[in-house]
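# Need a 3D model of the following:
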Amino acid sequence: MAYPKLTDKPGALQTAAAIRSGTMSVAEAVDAAITRIEHLDAEVDALAVPDFERAAATAKAMDAAGPQGDQPLFGVPMTVKESFDVAGLQSCWGHKAHTDYIARSDSELVRRLKAAGAVILGKTNVPVDLTDWQSFNPVYGRTNNPHNTERSPGGSSGGSAAAVASGMVPAEFGTDIGGSVRVPAHFCGVWAHKPTWGLVSKRGHDHPQMAKQDGFIAAHDGILSVAGPFARNPQDLTVMMEVASSYTLSRHAKPLRQCRILAVTQYPGAPVDQSVAEPIEAAIEALTKAGVTVERTSDLLPDLAKQQADYMMMLNVAMARGAPSASGRRASATDWFDLLDAQSSNQAQWAALFETYDFVLAPPAPVLAVEHSDKRAFDQPMRINGKEVPGAAGLAWAGIATFPHLPSTVLPIGSGTYEGAQLPCGMQVMGPLMSDLDCIHAAQEIGNILHG
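Residues are numbered from 1 along each chain as shown. Next comes the predicted model:
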């Protein structure tokens, strides 16, 4: 089951190992990444805010000092999503009106990455306000999918996925509330992980309109939203999660062939295009032939139609901070507490399901990489199996893990043909709360079965 590959550049751990062995210096690793960006980014436009001079100076200092304690990412050149604060760099979330905001300090995530030895080369592109499955805005322009520049790399972490897929950097960090890590990974053919909610701090990931206010200090993580890594292999995902996590992570899962897995490939009101369904069915068949137990139905599944309705309501209220909806009605405190009750009930149902099943497989999105458009993907129909379906319906496959706060790893499983173009296809591997490393390891085992 071949899937499109664009680069043979080394991953994060491989780069760190080469530096520690003396095969290359930090300066050489950073210079090589900058050269790749300068060569590739004219076509891809993944990098929004470069920081090459400081990166080169940091690399030189690191070569002089050597590793400081346990630094698993020592010397690894990385980028992060534009929306994360990096001291001294612009963070405008795609708004011309906010290009005057310069972060005074690093976000908690960037601080952790630097402490682990990563060298930040800059920040990658996003859609305005991080609210699209495309990545374009009037400040930084439009990011293209490295596999097909007529297509979107996904969003809102589209620049993140494009940078990793093209080989500019070995690893990245984005954020996800409506599939914004998982969908770009799926569109671009890379690995990614959506963590359990609250596991990775988003302190310092604040809208510039608020961050510019005198005395503003973010005191909580956003509802539903998480920060998660991109990589070209699962081993790098694991170390990125270990570095970024605010809590100690551990593995508990059995070998994949001893696991009981549920595949969810149908969702009420959210059909899946054959370009996605066929590679996923082929993957399930390959797993079954390899002796993995994969079931197709279960009475333990929550009411997915209700879950989607509750998720969309919570998503819209959270994104608008309770502002009036299209109907003119503002969400009340009672509305919010009702949603929290519904979410808690939904989480309990998923917890009961995971007493029987180890993992759940699902599509990351109903389509492969969409063509560029000046409208948000959610504000126009998606063509699914030749029919027009409301774009927002695709969010069901994001909400399946987001609403109950579940971890989900996306791995590339193959390719499909969508609207005349052959494009990468991914698959979600979901698990119970705090089973993040188990999800990544299960995805790794699935990848080994599919690709050898």
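
# in whichever strand or helix holds K114, what's buried?
Here K114 sits within helix 108-115, counting by DSSP states H and E. For helix 108-115, burial by neighbour count (16 or more other Cβ atoms under 10 Å) applies to E108, L109, V110, R111, R112, L113, K114. For the C-beta atoms, the positions are set from N, CA and C on the backbone; glycine is no exception.

# surely the last one meets E108?
By that I understand K114. No. K114 is beyond contact range of E108, at 11.0 Å (criterion: Cβ atoms under 8 Å).

# mind giving me the domain ranges of this structure?
Here the domain assignment for the chain is 12-244, 256-451, based on automatic domain parsing.

# What count of nearby residues applies to the closest residue to E43 other than its chain neighbours?
Counting by Cβ to Cβ, 6 or more residues apart in numbering, E43 lies nearest to T149, which is 6.1 Å off, once chain neighbours are set aside. The number of residues packed near T149 is 15, by other Cβ atoms under 10 Å.

# can you check K289 too?
Using other Cβ under 10 Å, K289 is surrounded by 9 other residues.

# Same check on P255?
P255: 10 surrounding residues under other Cβ under 10 Å.

# Likewise for S83?
28.

# go on, A116?
Using other Cβ under 10 Å, the number of residues around A116 comes to 22.

# ok, it to L339 distance?
Between A116 and L339 the computed distance is 36 Å (Cβ to Cβ, to the nearest Å).

# got it, and D214?
Here D214 is placed at a distance of 32 Å from L339 (Cβ to Cβ).

# Also A326?
Distance from A326 to L339, counting by Cβ to Cβ: 18 Å.

# For those two, indicate the residue with more neighbours.
Using other Cβ under 10 Å, the more surrounded residue of A326 and L339 is L339, with 20 against 6.

# Give the helix, strand or coil label for that one.
Under DSSP: H, G, I helix; E, B strand; the rest coil, L339 falls in the helix class.

# right, and it touches A318 too?
No. Counting by Cβ under 8 Å, L339 sits too far from A318 to count as a contact (9.3 Å).

# Where do the helices of the chain begin and end?
Under the criterion DSSP state H, the chain contains helices at 12-21, 26-44, 52-65, 108-115, 158-166, 182-188, 208-211, 234-244, 274-289, 304-320, 333-353, 396-402, 436-451.

# quick one: average pLDDT of stretch 50-68?
Stretch 50-68 comes out with an average pLDDT of 97.

# Repeat that for stretch 343-351.
Per-residue pLDDT over stretch 343-351 has a mean of 98.

# before we move on, what about stretch 435-449?
Averaging pLDDT along stretch 435-449 gives 98.

# which stretches of the stretch 51-200 of the chain have low pLDDT?
Scanning the stretch 51-200 of the chain for pLDDT under 70 picks out nothing.

# could the helices of the chain go into JSON lines alongside distance to W133?
As requested, those are exported to JSON lines (distance: least, Cβ to Cβ, whole Å):
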{"stretch": "helix 12-21", "distance to W133": "26"}
{"stretch": "helix 26-44", "distance to W133": "17"}
{"stretch": "helix 52-65", "distance to W133": "29"}
{"stretch": "helix 108-115", "distance to W133": "23"}
{"stretch": "helix 158-166", "distance to W133": "8"}
{"stretch": "helix 182-188", "distance to W133": "5"}
{"stretch": "helix 208-211", "distance to W133": "22"}
{"stretch": "helix 234-244", "distance to W133": "22"}
{"stretch": "helix 274-289", "distance to W133": "14"}
{"stretch": "helix 304-320", "distance to W133": "14"}
{"stretch": "helix 333-353", "distance to W133": "23"}
{"stretch": "helix 396-402", "distance to W133": "9"}
{"stretch": "helix 436-451", "distance to W133": "22"}
